[in-house]
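Participant: here's a sequence, model it:
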Amino acid sequence: MNFVIDSKYFFQNLKAISSVISTSNNINILTCFILNLTNGLLKIKASDLYLCIKITLKVVSKMNGKVAVPAKLLLEILNQLPEQTIKIKTRTYNQLRISSLKGNYEIGVLDHKLFPKHKKIKNPKSCILKKDTLLNIINNTLFAVGNEELRPVLNGVCFNIKKQTGSFIATNTKILAKYFLNNLKNKEKIKFLLPKKTLLILKKIFLNNLKNKEQNKYLKIQYNKYNTWFKVSNKVLISSLIKGDFPNYDSIIPKAKLKNKLIINVQDLLKAIKRIRLFANPKDNRITFSFSLKQNIIFSANNELTNKGFEELICEYSGENLEISFNSKDLIEVLSNLTFQDIEIKFQDKYTPAIIQPIFYLKKEKILRIIIPLT
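Facilitator: A predicted model of the protein is given here:
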């Protein structure tokens, strides 16, 4: 292997895919980047067994080759170098040399043949999405993903894509997020469960790419029973899927018409919750809403420390007198991920899950949040 490359360009691309690598991994080969140079194309891979990212860079090369380079050390060396053209060359079968303007740096490399191979997806189903559409899906669902060892199906987002519509759902049993699109154009139906880590890395890649308006606006998703495959400009991401059936989320959503409705500014409500939660008992972070014809207030109390606080809400409320409690952390999580100015919250009684929706939204989408009250 023998090639030259700009140090900053090399570092930025390696950094972009390095988040898949776990520094605490006991398998040494999985702490490495695989560098595979073939006729001026440098293909780089990183993996944690369940997730693999591939990236292709054009370089000036003299000799092909393939090595496994410790990721942490390579990134640290490149990060400390001022921007310049560097030369990277294998000296022996187990040593790589980086040559800069002022010095040489030699790194011990591993046998690339030990790196796990990901099988090609055979007979996949596929769909095309805009990158900003996928980013909206992630932003509107990721916060509700669970962290359950005994119920791994809750640790991801359910993608249920049909020919013209798509539903994307996440829940941790305390809150539920559903994002619905009705402007899709797909040839076939696909349904899978995508892990949280995959979504986080996809979001990082998309945010970087969306800054560059020259990049392709679309991406292709392929999937079979075990894996999904995403292609984003010069990057490919392959992810294992979560096995199992996603819970029947429709059973959580109240079917009857809810008789009590609150209309309020999101930021005003968030600020009030963050102030009042300071007085809540940390055991359950309980805050309570009290609605009536006379006044609408939010309050909390910690009887153990004789702390209590309440505020009057500036809002519109229609319905019966109602007192209902929520975990303030869950409520903040739900509200913080809404980008709209005003929302409506619908209640049935103090036991029934509340529905949170923006008052106005685009015709092509529907945003729904469900939160379970404390009893």
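
Participant: tell me the secondary structure for the residue of the chain most remote from its centre?
Facilitator: The outermost residue of the chain, judged against the average C-alpha position, is Lys294 (42.8 Å), by Cα atoms, centre = their mean. Recorded secondary structure, Lys294: coil (DSSP: H, G, I helix; E, B strand; the rest coil).

Participant: for it, report the pLDDT, please.
Facilitator: pLDDT for Lys294: 88.

Participant: for it, give its distance to Cys32.
Facilitator: From Lys294 over to Cys32 the distance is 67 Å, taken as Cβ to Cβ, to the nearest Å. Glycine gets a C-beta too; all of them are placed from N, C-alpha and C.

Participant: same check, this time on Lys363
Facilitator: As for Lys363, its distance to Cys32 is 48 Å (criterion: Cβ to Cβ).

Participant: next one: Asn227
Facilitator: Taken as Cβ to Cβ, the span from Asn227 to Cys32 is 22 Å.

Participant: hey, where'd the helices end up in the stretch 201-350 of the chain?
Facilitator: Taking DSSP state H, counting those that start in this stretch as the test, the helices found in the stretch 201-350 of the chain are 266-276, 328-336.

Participant: would you mark the buried spots in the longest one?
Facilitator: Going by neighbour count (16 or more other Cβ atoms under 10 Å), the buried part of helix 266-276 is 266, 269-270, 272-273, 276.

Participant: neighbour count winner among Lys363 and Cys32?
Facilitator: The residue with more neighbours, out of Lys363 and Cys32, is Cys32; 26 against 7, by other Cβ atoms under 10 Å.

Participant: how many other residues sit next to the residue lying closest to that one once chain neighbours are set aside?
Facilitator: Excluding the flanking residues, the one nearest Cys32 by Cβ to Cβ, 6 or more residues apart in numbering is Ala68, at 4.1 Å. Residues contacting Ala68 under the criterion other Cβ under 10 Å number 24.

Participant: one more: Ile107?
Facilitator: For Ile107, the neighbour count with other Cβ under 10 Å is 17.

Participant: phi, psi for it please.
Facilitator: When read as degrees, to the nearest 10, the backbone of Ile107 gives phi -120, psi 130.

Participant: least confident secondary structure element in the protein?
Facilitator: Least confident helix or strand of the chain, by mean pLDDT, DSSP states H and E, is helix 196-210 with a mean of 80.

Participant: so the residue nearest to Cys32 bridges to which residues?
Facilitator: Ala68 has these beta-bridge partners by DSSP bridges: Ile34, Leu110.

Participant: now do it against Phe347, distance only.
Facilitator: With distances taken as Cβ to Cβ, Ala68 is found 57 Å from Phe347.

Participant: how about the contacts made by the nearest residue to Pro152 once chain neighbours are set aside?
Facilitator: Distances taken as Cβ to Cβ, 6+ apart put Ile242 closest to Pro152, at 5.7 Å, once the chain neighbours are dropped. Contact partners of Ile242, counting by Cβ atoms under 8 Å, 6 or more residues apart in numbering, are 152-153, 155-156, 193-195.

Participant: how about 10 Å then?
Facilitator: Shown in contact with Ile242 (Cβ atoms under 10 Å, 6 or more residues apart in numbering): 50, 152-158, 192-196, 198.

Participant: in PyMOL, select just the buried ones from those.
Facilitator: To isolate the buried subset of the contacts of Ile242 in PyMOL, counting by 16+ other Cβ under 10 Å, use the following:
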select buried, resi 153+154+155+156+157+158+192+193+194+195+196+198
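
Participant: which pair in the contacts of Ile242 spans the largest distance?
Facilitator: Between any two of the contacts of Ile242, the greatest separation by Cβ to Cβ is 17.9 Å, found for Tyr50 and Cys158.
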